[in-house]
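[1] everything below, folded, please.
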Amino acid sequence: MITVVNKSTRCTDADVLTMTRACATQVQKHAAPAWGVLPIPVVYAASEKEAPPGAWVIAVLDDPDQADALGWHTESEGELIFGRVFAAPVLDNGGTVLKGSLSVSAVLSHEVLETLVDPHVNLWADDGTGTLYALEVADPVESDSYEINVPGAGAVSVSNFVTPRWFDRQAGKHQQFDWLDKVTTPFHMTKGGYVVTSAAGKIQQLFGAQYPEWRKHTKIADTSRSARRKK
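    The predicted model follows:
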């Protein structure tokens, strides 16, 4: 179970509850079926103390703890999986709470999706040329979002994501490589996308042609697959 809690002063509890409901719908109806995995319940709790034992807790906070990151998830000792989403970098750079690709809700969706697919932050895919790609399902299409209707709250933006075919070098044409059909071949990102690769023992960060400069600074921290992944 993924439990979302709100520790932000810039997002209300009602806002975080609403975006959590959107993420729960996305996991159940879109991401889990696309990836062929069981949907993990995504629920809101008033505090971490109310999270069920063993739950993966993602907290929404104001200020980032590293290099203005928008969000990350990781695994600590004892296989404790948890994540963080930061409202300030989003809102201070023209974003919103619930609408658009630069929104707190899209960042939360991003982290929920990547926790669903690779909770232990240790999976890579080989492109067949000696380059490995981190199994980050939202990064390659990071600038794209779509809306999910939350009853009683209206449309809420969530992140686009790639499908397993994106990581399959033998996938043929006319496949669905991402939910919004923005990408047409494996291992290619959109103009606003981002990937982490490893080749000959060297880890690199690659950015799409239209990736915002200010967001590149949020990627400066350690990109080791044993360290935190940063959105």
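
[2] buried set for stretch 134-148?
    The neighbour-count check on stretch 134-148 (16 or more other CB atoms under 10 Å) flags 134-146, 148 as buried. (Each C-beta comes from the backbone N, C-alpha and C, glycine too.)

[3] tell me the secondary structure at the one residue sitting closest to the centre of the chain.
    Nearest residue to the geometric centre of the chain (CA atoms, centre = their mean): His110, 2.0 Å. What DSSP: H, G, I helix; E, B strand; the rest coil gives for His110 is helix.

[4] what's the answer for Val16, then?
    Using three-state DSSP, the structure places Val16 in helix.

[5] tally of neighbours for it?
    Residues within reach of Val16, counting by other CB atoms under 10 Å, total 25.

[6] residues in contact with it?
    Contact analysis of Val16 by CB atoms under 8 Å, 6 or more residues apart in numbering lists Val4, Val5, Asn6, Ser8, Tyr44, Val60, Leu108.

[7] how about 10 Å then?
    4-8, 44, 59-60, 85, 87, 97-98, 104-105, 108 (CB atoms under 10 Å, 6 or more residues apart in numbering).

[8] again, but for Ala22
    Each residue near Ala22 by CB under 10 Å, 6+ apart is listed here: 42, 98, 105-106, 108-109, 112, 147-150, 153, 155-158.

[9] secondary structure element holding it?
    According to DSSP states H and E, Ala22 maps onto helix 13-26.

[10] need the CA coordinates for that helix. CSV is fine.
    The C-alpha coordinates for helix 13-26 follow below in CSV (Å, rounded to 0.1, in the frame of the first residue of the first chain):
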residue,chain,number,x,y,z
ASP,A,13,-5.1,18.6,3.2
ALA,A,14,-8.1,18.6,0.8
ASP,A,15,-5.8,19.2,-2.1
VAL,A,16,-3.5,16.3,-1.2
LEU,A,17,-6.5,14.0,-0.6
THR,A,18,-7.8,15.0,-4.1
MET,A,19,-4.5,14.3,-5.9
THR,A,20,-4.1,11.0,-4.0
ARG,A,21,-7.5,9.9,-5.3
ALA,A,22,-6.4,10.8,-8.8
CYS,A,23,-3.2,8.8,-8.4
ALA,A,24,-5.2,5.8,-7.0
THR,A,25,-7.4,5.9,-10.1
GLN,A,26,-4.4,6.1,-12.4
